[in-house]
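**Q** predicted coordinates and the sequence they were generated for:
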Amino acid sequence: IETLVIPTLSSDSLLSYYAVPYLGCENLKTLEASYSDLKRIDNEAFATITHAIVSQGASVGELHDESETLKKITYGLGVTSISSIGNGAVTEVVILNKDVEISSRTELFGGYRLSVERVVLPAGMQTLPAKMFYGASAVKSVVLPTAITEIPSYFFYNCTTLESVEIPAGVPTIGDKAFR
């Protein structure tokens, strides 16, 4: 088994590293579950997982930030709010819900321990949070939503590793110091 979808764990359940081989999951690479269920999976169970798909959740925060193998997190259509990405080895973040509420914290993708290099924002998202990538020390590539009409001030401010940004055609406004 390379992909495991967990519909719902009971409130007292915990998927641990020791259960993974018994489920036939020695080669488990992708795990999909709600945020609350993913938080009930111990860090060691993430030993082989490279991609976590958060299918639903409100106020989604850090997700197993000590995992050395988790490289990609996809936030599904059922995720309504993201408060923190967390730290760790994650290098790619994909957000699918165009109506997701994203924290206005200045260092959502910034911070010295965050290793996210590529971010894909949902195509239908119309408004970008100010300072979303402020001080991001690892981000190299960002795919912006096709529906935006503005890149806010300080959006990529002090994002020193940025190499490529896909700006949709027809964006009339780029805010003050958006790329400084």
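**A** Everything's here; your move.
**Q** in the lowest-mean-pLDDT helix or strand in the chain, which residues are buried?
**A** Between all helices and strands in the chain, the lowest mean by mean pLDDT, DSSP states H and E belongs to helix 35-39, at a mean of 75. Across helix 35-39, burial judged by 16 or more other C-beta atoms under 10 Å covers 35, 37-39. All C-beta atoms are positioned from the backbone trio N, CA, C, and that covers glycine.
**Q** likewise stretch 170-180?
**A** So for stretch 170-180, counting by 16+ other C-beta under 10 Å, buried means Ala178.
**Q** quick one: mean pLDDT for it?
**A** Across stretch 170-180, pLDDT averages out at 90.
**Q** between the two ends of that stretch, how far is it?
**A** 21 Å (C-alpha to C-alpha, to the nearest Å).
**Q** pretty sure Val116 contacts Val94?
**A** No: look at Val116 against Val94 with C-beta atoms under 8 Å: they stay out of range, at 10.8 Å.
**Q** more neighbours: which of these two?
**A** Remark: of Val116 and Val94, Val116 carries more neighbours, 27 against 17, as counted by other C-beta atoms under 10 Å.
**Q** so that one is in which element?
**A** Assigned by DSSP states H and E, Val116 falls within no helix or strand.
**Q** cool, the one 10 residues further on as well?
**A** No secondary structure element spans Gln126, as it lies outside all helices and strands (assigned by DSSP H and E).
**Q** tell me the contacts of the nearest residue to it once chain neighbours are set aside?
**A** Counting by C-beta to C-beta, 6 or more residues apart in numbering, Gln126 lies nearest to Ala147, which is 4.8 Å off, once chain neighbours are set aside. Shown in contact with Ala147 (C-beta atoms under 8 Å, 6 or more residues apart in numbering): 98, 123-126, 168.
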